[in-house]
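In: Need a 3D model of the sequence below.
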Amino acid sequence: MLKRIVTAVCILAVLFGCIFGLRSIYFQLANILVLLMFLGVYEMYHAFRLAGLRPIPSALILGCIACFPLTYFLMADGVMITLAVTVMAALIVFTLKHNLGEAKESAEGEESAVKGYGLNDLFATVFIAIYPMSLFMLFLPVNHSDAGLLGIMLIIAVPVMADTMAYFTGMAIGGKKLCPQISPKKTVAGAVGGVLGGMIGALIVFFLFDFSGAMAVFPNAGATELIKGKLYGSLGLYLALGFVGGILGELGDLCASWIKRKAGIKDFGKLFPGHGGIMDRLDSILFMLPLVYLVLIFV
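Out: Numbering: from 1, shown residues only. Okay, here's the model as predicted:
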């Protein structure tokens with residue numbers, strides 16, 4: 001547990017250092033986000049390979065390369081275009097490699113050395129292009145919005161507090177297992193604690209931004225209120241975000257756990273001692289991203 005806690009503290013220290021120290025230099029923070037996305041895509045690709053599937057690497061590499069310039073200039077539209085480019089590239093490779101393999105076999109009269117991709121491989125490629133690639137790239141539109149710092153803090157605080165409260169509540173209370181076939185250690189008590197933790201995380205952001213205005217001292221703060229001039233309206237919206245975000249975060253964690261179980265692995269990677277890889281840390285955050293993005297758009 002000590003190794004897990006120390007690693008978590010170090011991750012948060014680096015993360016908040018990037019947010020408060022580099023966010024005003026948009027390009028630098030974007031580079032960090034893109035690097036993490038590359039690592040997440042690789043970890044998911046590796047997991048699918050261990051599960052016996054063959055995601056198309058050339059299509060995923062093209063998507064990873066195209067995602068930053070497209071998203072940088074076109075924001076959310078760039079995310080959709082990146083997804084479209086990746087899917088089109090996967091379809092082209094899926095089609096051409098199969099037909100080239102057949103042509104080579106016919107010409108040489110022997111078994112082809114060019115093995116085509118199956119439909120499951122194509123679907124695995126599209127899945128990775130959506131999760132984590134496209135979801136992860138929503139960080140950039142949120143970060144570049146008028147309420148960028150507020151959005152980033154919500155994206156981080158709600159899932160982190162939900163995960164922390166779920167972990168310690170589950171250890172302290174124990175009781176009935178939540179989904180023993182997916183994640184044997186998770187309990188119903190931990191799940192309830194996770195939802196409460198998500199609401200606590202949202203309340204912390206509410207206090208720092210709307211209630212106290214403490215975050216206004218940062219030059220990269222942008223908007224410091226969720227609903228301008230409506231403190232109690234903001235409070236209700238924060239609590240709703242924390243509640244829904246806590247549930248989404250736990251579902252994201254369970255979904256990632258099921259993928260790992262199907263792939264026969266304990267963790268997606270070994271980058272963070274006691275925590276696993278990038279995807280082990282971002283599984284709940286990725287499910288929080290679309291929610292915060294939609295709230296920032298409509299509010």
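
In: contacts, neighbours, all on C-alpha from now
Out: Noted.

In: ok, Asp77 touching Pro69?
Out: No: using CA atoms under 8 Å, Asp77 is not in contact with Pro69, being 11.6 Å away.

In: Let me see the confidence value for Gly21.
Out: Note on Gly21: pLDDT of 55.

In: Next secondary structure element downstream of the longest strand seen in the chain?
Out: Using DSSP state E to define each element, the chain has its longest strand at strand 183-187. Scanning forward in sequence from strand 183-187 by DSSP states H and E, the next helix or strand is helix 188-206.

In: List the contacts of that next one.
Out: 150, 153-154, 157-171, 173-178, 234-235, 238-247, 250 (CA atoms under 8 Å, 6 or more residues apart in numbering).

In: now swap in stretch 286-299 and tell me
Out: So stretch 286-299 is contacted by 132, 135-136, 138-139, 141-142, 147, 151, 154-155, 159, 226-227, 245, 248-249, 252 (CA under 8 Å, 6+ apart).

In: now stretch 68-82
Out: Contacts for stretch 68-82 (CA under 8 Å, 6+ apart): Ala30, Val34, Gly63, Ala66, Cys67, Ser134, Met137, Leu138, Leu140, Pro141.

In: Which element is encountered next along the chain beyond the helix or strand where the second one lies?
Out: With the criterion set as DSSP H and E, the secondary-structure element containing Val34 is helix 26-50. Proceeding C-terminally, helix 26-50 gives way to helix 57-74 as the next helix or strand, assigned by DSSP H and E.

In: and the angle for that next one with helix 26-50?
Out: For helix 57-74 against helix 26-50, the angle by axes from the mean of the first three to the mean of the last three CA atoms, to 10 degrees is 160 degrees.

In: Report the rounded mean pLDDT for helix 57-74.
Out: 92.

In: Can you show me the CA trace of that helix as PDB?
Out: Only the C-alpha atoms of helix 57-74 are listed here, as PDB (Å, rounded to 0.1, in the frame of the first residue of the first chain):
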ATOM      1  CA  PRO A  57      -0.800  -0.800 -36.200                       C
ATOM      2  CA  SER A  58      -0.400   1.400 -39.300                       C
ATOM      3  CA  ALA A  59      -3.900   2.900 -38.900                       C
ATOM      4  CA  LEU A  60      -3.400   3.500 -35.200                       C
ATOM      5  CA  ILE A  61       0.000   5.200 -35.800                       C
ATOM      6  CA  LEU A  62      -1.500   7.400 -38.500                       C
ATOM      7  CA  GLY A  63      -4.300   8.400 -36.000                       C
ATOM      8  CA  CYS A  64      -1.800   9.100 -33.300                       C
ATOM      9  CA  ILE A  65       0.300  11.300 -35.600                       C
ATOM     10  CA  ALA A  66      -2.800  13.200 -37.000                       C
ATOM     11  CA  CYS A  67      -4.600  13.700 -33.700                       C
ATOM     12  CA  PHE A  68      -2.500  16.600 -32.400                       C
ATOM     13  CA  PRO A  69      -2.500  19.000 -35.400                       C
ATOM     14  CA  LEU A  70      -6.100  18.200 -36.200                       C
ATOM     15  CA  THR A  71      -7.300  18.700 -32.600                       C
ATOM     16  CA  TYR A  72      -5.000  21.700 -32.100                       C
ATOM     17  CA  PHE A  73      -6.500  23.600 -35.000                       C
ATOM     18  CA  LEU A  74     -10.100  22.200 -35.100                       C
END
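
In: and that helix, which residues are buried?
Out: The neighbour-count check on helix 57-74 (16 or more other CA atoms under 10 Å) flags Ala59, Leu60, Gly63, Cys64, Ala66, Cys67, Phe68, Leu70, Thr71, Tyr72 as buried.

In: Distance check, the last one against His144.
Out: Tyr72 sits at a distance of 9 Å from His144 (criterion: CA to CA, to the nearest Å).

In: same check, this time on the first one
Out: For Ala59, the distance to His144 equals 27 Å [CA to CA].
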